[in-house]
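Colleague: with the input below, show me the fold.
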Amino acid sequence: GGGSLFIKTHPKSKHLYVDTPLNPDPKISQSVAVFDLENLDKPYQVLPIAEWSGLGEGAKRVVQPEFNKAGDEIWFSVWSAKDKESALVVVDDKTLKLKTVIKDPKLITPTGHFNVYNTQHDIY
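Modeller: As a prediction, the model looks like this:
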């Protein structure tokens, strides 16, 4: 669906991740699409990032996929309202399975999480 802000891949990944946080459908804005770069004719896979976050009620927008330096995991921000809990969700790039969820009361509408090494060296 429409409403995408970021797409992301990494030279060591065979995946292309697309967020859709601006889509009005919560099922779409709370998930990401993953394309197999080695077989673009294959349908994309949907990862339920907001569901994996385990956050409570309220709008949850999944935004800004960002790879680690090694390119073997990808991090997503899960935005909630400023008075609700937010999270970072980490996914294993090879298996497309949940690795961990990072939560903290100080983590409010997280975005702007960038891998400094990847950014400095134009690794995308």
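Colleague: which secondary structure elements does the helix or strand hosting Phe35 contact?
Modeller: Using DSSP states H and E, the element containing Phe35 is strand 32-36. Judged by 3 or more CB pairs under 8 Å, 6 or more residues apart in numbering; DSSP states H and E, the packing partners of strand 32-36 are strand 15-19, strand 45-47. All C-beta spots, glycine's among them, are computed from the backbone N, C-alpha and C.
Colleague: and the shortest one, how far from the chain's centre?
Modeller: In terms of CA atoms, centre = their mean, to the nearest Å, the centre of strand 45-47 is set 11 Å apart from its chain centre.
Colleague: ok, residues contacting that strand?
Modeller: Strand 45-47 has contacts (CB atoms under 8 Å, 6 or more residues apart in numbering) with 31-34, 36, 91, 96.
Colleague: one more time with 7 Å
Modeller: Strand 45-47 is touched from outside by 31-34, 91, 96, with contacts defined as CB atoms under 7 Å, 6 or more residues apart in numbering.
Colleague: about what we covered before: turn the helices and strands packed on strand 32-36 into JSON lines, columns for mean pLDDT and distance to Tyr117.
Modeller: Below are the helices and strands packed on strand 32-36 laid out as JSON lines (pLDDT from 0 to 100; distance: least, CB to CB, whole Å):
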{"stretch": "strand 15-19", "mean pLDDT": "97", "distance to Tyr117": "19"}
{"stretch": "strand 45-47", "mean pLDDT": "98", "distance to Tyr117": "24"}
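Colleague: and these: which comes nearest Gly54?
Modeller: Among those, strand 45-47 comes nearest to Gly54, with 14.5 Å by CB to CB.
Colleague: centre of the chain to the next helix or strand after that closest one, how far?
Modeller: Where DSSP H and E defines the elements, the next helix or strand beyond strand 45-47 is helix 49-53. Relative to its chain's centre, helix 49-53 lies at 10 Å (CA atoms, centre = their mean).
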